[in-house]
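Asks: could you look at this predicted model? Sequence included:
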2 protein chains.
Amino acid sequence: MDFTSEHRHDDGVLERDFALGDIPGTLWTTGSAPAPLVLMAHNNGLPRRDARLVARARFHAATYGYAVASIDAAGCGDRPRTAAADQLRVDLRRAMQAGEPVDEIFEAMVGPMVDDAAPEWRTTLDALLDLPDVAGPVGYSGWMALGIRLAVTEPRIAAAGFFAGGFVPRAVRAEAPRVTIPVLVLLQWDDEGNPRQRALNLFDAFGSVEKTLHANPGGHLGTPRFELEDGARFFDRHLR
Amino acid sequence: MDFTSEHRHDDGVLERDFALGDIPGTLWTTGSAPAPLVLMAHNNGLPRRDARLVARARFHAATYGYAVASIDAAGCGDRPRTAAADQLRVDLRRAMQAGEPVDEIFEAMVGPMVDDAAPEWRTTLDALLDLPDVAGPVGYSGWMALGIRLAVTEPRIAAAGFFAGGFVPRAVRAEAPRVTIPVLVLLQWDDEGNPRQRALNLFDAFGSVEKTLHANPGGHLGTPRFELEDGARFFDRHLR
C-alpha cells in the first residue's frame, strides 16, 4: 500500500489517498492511536470522491474517531472506464426512458460489479489492518449488495450499516439469511429507485439476532442528518 | 391537582403520585427548573405502575431531565374495575383461545377506551402545565391509538413516539393522515399481537413531514434497550 497524497483538514481529520496495485483508495483518520475501521462504499459504483461519501466518512472520523476507508470500484472514479460498463449504462438509461423493465439490466450490471468488488475490498482490508493507526473490529457502511457479500465472506467484519438504495442481485439476495452480524438497515421510504418492499424483504431475511431497520420519508437523497449520528452510534455499540 | 405521595429515588428522580378528581397519576421529575413534559401511556389499559412503564419514565427523567407523567385509565390500575370492561376481557381471552377472529372484540374494547382516555389526558395536561417545574413543549410516548388521537386534537403536543404494540380502532386509523407532528414509530418485527403490516400501513399514513420508523426483531416485550435512548434523543430534537 503506497500513500500518494496526504492532507490534514481543519477538523483534525487526516485524509490520505493510497494505491494498492490497481486499486485507488482514501483513508480518513484522526489521531495516531489504533482506531476501529469502517469500510464505506457507495451504491452503484459511484466514485469514492463523491461529496456525500466524503462527508459521511469525515463525520465518522472527526466526530466519532473511526478510521474510515473507501476505494474506487473497477470502471469508477480514478480507474479507467470499461466499454462493457459504459454500454450497460447506455442500455439502462434507454430502458428507463422507454419505461421498460430494468431488472435484468441491473442484474447484468450489478451482479458482476459485486463479484469483482468484494475481493478488492478484502485485499484492501488486509493492507489497512497492517497500518499502525487502524484496528479491528471492522464495520461496513453503505452499498447493501456489496455489504451482504462482505458480511458473509469476511469474518473480520463485525457490524454493518446498509443503505437500501440500490438493486441487490439475485445471488446476493440469496445470501441474506447467512448474514448473522448486527445490521442497521437505513431505508428511504419513498426511494424512487428502490422499491420499499424489496428492502423490507431483505431486512426480514437477514439471519442476524440484532438487526434494526430505520426508515424515513423522502427520496433516495433525502436521508435526515440525524441518521448519520445513529449510524455512528450503532458502530459504537459493536466496534468499541 | 392534589399530590398524595412523594418519594425521592437514589437516582435523583422525584416521584409524586397525584389525584385530579377521579384520575390517579404519577409525575417523575428531576430538579426544580421547568422541564419539558413527556406524557407516557401504556397499550391496552395497563396500570401506570407497571414496571416497564415506570422504568421508561424514570429513565427519561433521570438521564434526560424530562418531566414525565402517566395516569390510570378508567377501569385500570388504582381505579375501580368495571363489569363491562371485565366482560370484554373474558370475551377476548375466550376468542383467542378458540382461535376465533378478535378484531371486532378489540374494536368494542379499545374504541371506547381511547374515546374515554383522551379527554382525561388533556385535563391532566392542563393541570401539569400549571406546575412550576413542568413546561411545554410536550411530548407523547407509548400507546399508539391514544397517541394518534391526542396528536390530532391537542396542539400542545409537539412530538410523539408510538409503540406499535396494540390494536388501533378504525376511527383512530382514519385520523392517521391528520397527524402532522414529528413521529417516531417503534415496531417489534415479530410482535405476536400486532400484525407488522398494520403498523407499516399506519407509518405510511401519517401526514408528518418528519416521521421515522425503527423496527427490531422479536416479540412484543423484546424491544432492545438502545431504543430507550433513541426515543429520548428523538424528544431532544423536538422538545429542547
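Replies: Great, that's in hand.
Asks: A:Arg170 contacts A:Glu104, correct?
Replies: No - A:Arg170 lies out of contact with A:Glu104 (CB atoms under 8 Å); the separation is 10.4 Å. In this view, the C-beta of every residue, glycine as well, is placed from N, C-alpha and C.
Asks: which non-adjacent residue is nearest A:Arg58?
Replies: A:Val13 (5.2 Å; CB to CB, 6 or more residues apart in numbering or on different chains).
Asks: count the neighbours of that neighbour for me.
Replies: 20 (other CB atoms under 10 Å in any protein chain shown).
Asks: gap between it and A:Gly161?
Replies: As defined by CB to CB, to the nearest Å, A:Val13 lies at a distance of 20 Å from A:Gly161.
Asks: how about A:Ala74, phi and psi?
Replies: When read as degrees, to the nearest 10, the backbone of A:Ala74 gives phi -50, psi 130.
Asks: give me the phi and psi angles of the nearest residue to it once chain neighbours are set aside.
Replies: Spatial nearest neighbour of A:Ala74, chain neighbours left out: A:Asp116 (5.5 Å); criterion: CB to CB, 6+ apart. Note on A:Asp116: backbone dihedrals following degrees, to the nearest 10 are phi -80, psi -40.
Asks: tell me how many other residues crowd A:Asp116.
Replies: 13.
Asks: what of A:Arg16?
Replies: So A:Arg16, with other CB under 10 Å, has 18 neighbours.
Asks: let me know the pLDDT of it.
Replies: You'll see A:Arg16 listed with a pLDDT of 98.
Asks: tell me the contacts of it?
Replies: Residues near A:Arg16 by CB atoms under 8 Å, 6 or more residues apart in numbering or on different chains: A:Phe3, A:Ser5, A:Glu6, A:His7, A:Thr26, A:Leu27, A:Trp28, A:Thr29.
Asks: bridging residues for the fourth one?
Replies: The reference is to A:His7. A:Glu15 (DSSP bridges).
Asks: likewise for the fifth one?
Replies: For A:Thr26, the residues forming beta bridges with it (DSSP bridges) are A:Asp17, A:Ser70.
Asks: separation between it and A:Asp78?
Replies: Taken as CB to CB, the span from A:Thr26 to A:Asp78 is 10 Å.
Asks: now the strands: where do they sit in chain A?
Replies: Ranges of strands in chain A, per DSSP state E, are A:2-8, A:14-20, A:23-29, A:35-41, A:67-71, A:134-143, A:157-163, A:183-188, A:211-216.
Asks: what's the most buried one of those?
Replies: Among these, the stretch with the highest mean neighbour count (mean count of other CB atoms under 10 Å in any protein chain shown) is strand A:67-71, at a mean of 27.
Asks: which residue, other than its chain neighbours, is closest to A:Arg240?
Replies: A:Pro36 (7.0 Å).
Asks: apologies, that question was intended for A:Phe162.
Replies: A:Met144 (4.1 Å).
Asks: A:Ala205 and A:Ala176 touch, don't they?
Replies: Yes - counting by CB under 8 Å, A:Ala205 touches A:Ala176, with 3.9 Å between them.
Asks: more neighbours: which of those two?
Replies: More neighbours surround A:Ala176 than the other of A:Ala205 and A:Ala176, with 21 against 16 (other CB under 10 Å).
Asks: residue contacts, that one?
Replies: A:Ile148, A:Leu202, A:Ala205, A:Phe206, A:Gly207.
Asks: which among these count as buried?
Replies: Neighbour counting over the contacts of A:Ala176 (16 or more other CB atoms under 10 Å in any protein chain shown) leaves A:Ile148, A:Leu202, A:Ala205, A:Phe206 as the buried ones.
Asks: so where's chain A shaky on pLDDT?
Replies: A:44-45, A:165-166 (pLDDT under 70).
Asks: pull up the residues of chain A that are close to chain B.
Replies: When proximity is defined as CB under 8 Å from any CB of the partner chain, chain A approaches chain B at A:189, A:200, A:203-204, A:208-217, A:224, A:226, A:230, A:233, A:237.
Asks: I'd assumed A:Met1 was in contact with A:Ala127.
Replies: Yes - the pair A:Ala127 and A:Met1 passes the contact test of CB under 8 Å, sitting 4.2 Å apart.
Asks: pull up the overlap in contacts between the two.
Replies: In contact with both A:Ala127 and A:Met1: A:Leu20, using CB under 8 Å, 6+ apart.
Asks: how far away is the residue nearest in space to the middle of chain A from A:Arg8?
Replies: With distances taken as CA atoms, centre = their mean, A:Ala41 lies nearest the centre of chain A, 2.4 Å away. From A:Ala41 across to A:Arg8, the span is 25 Å (CB to CB).
Asks: got the contact list for A:Val209?
Replies: With CB under 8 Å, 6+ apart, A:Val209 has these contacts: A:Thr180, A:Pro182, B:Pro217.
Asks: backbone phi and psi for it, please?
Replies: Per degrees, to the nearest 10, the backbone of A:Val209 is at phi -70, psi -40.
Asks: which among the contacts of A:Val209 end up buried?
Replies: Buried, going by 16+ other CB under 10 Å: A:Pro182, B:Pro217, out of those.
Asks: quick check: the residue of chain A positioned farthest from its centre vs chain B, distance?
Replies: Centroid-distance maximum for chain A: A:Ala98 at 30.0 Å, with CA atoms, centre = their mean. Distance of A:Ala98 to chain B, given as CB to the nearest CB, to the nearest Å: 30 Å.
Asks: so how far is A:Asp11 from A:Arg240?
Replies: From A:Arg240 over to A:Asp11 (counting by CB to CB), the distance is 21 Å.
Asks: bridging residues for the residue nearest to the centre of chain A?
Replies: A:Gly142.
Asks: from what I see, it and A:Ala145 are in contact.
Replies: No - A:Ala41 is beyond contact range of A:Ala145, at 9.4 Å (criterion: CB under 8 Å).
Asks: what's the overlap in contacts for those two?
Replies: If you check A:Ala41 and A:Ala145 against CB under 8 Å, 6+ apart, no residue is contacted by both.
Asks: partner residues bridging the residue nearest to A:Arg240?
Replies: A:Ala135.
Asks: quick one: contacts for it?
Replies: A:Pro36 neighbours (CB under 8 Å, 6+ apart): A:Tyr66, A:Ala67, A:Ala135, A:Gly136, A:Pro137, A:Val138, A:Gly139, A:Phe235, A:Leu239, A:Arg240.
Asks: which one of these is nearest to B:Ala62?
Replies: Closest approach to B:Ala62 among these (CB to CB): A:Arg240, at 23.5 Å.
Asks: between A:Thr26 and A:Asp78, which contacts overlap?
Replies: With CB under 8 Å, 6+ apart as the test, A:Thr26 and A:Asp78 both reach A:Arg49.
Asks: for the residue nearest to A:Pro132 when sequence neighbours are not counted, give me phi and psi.
Replies: Computed as CB to CB, 6+ apart, the closest residue to A:Pro132 that is not its neighbour in sequence is A:Pro34, at 6.8 Å. Per-residue torsions, A:Pro34: phi -60, psi 130 (degrees, to the nearest 10).
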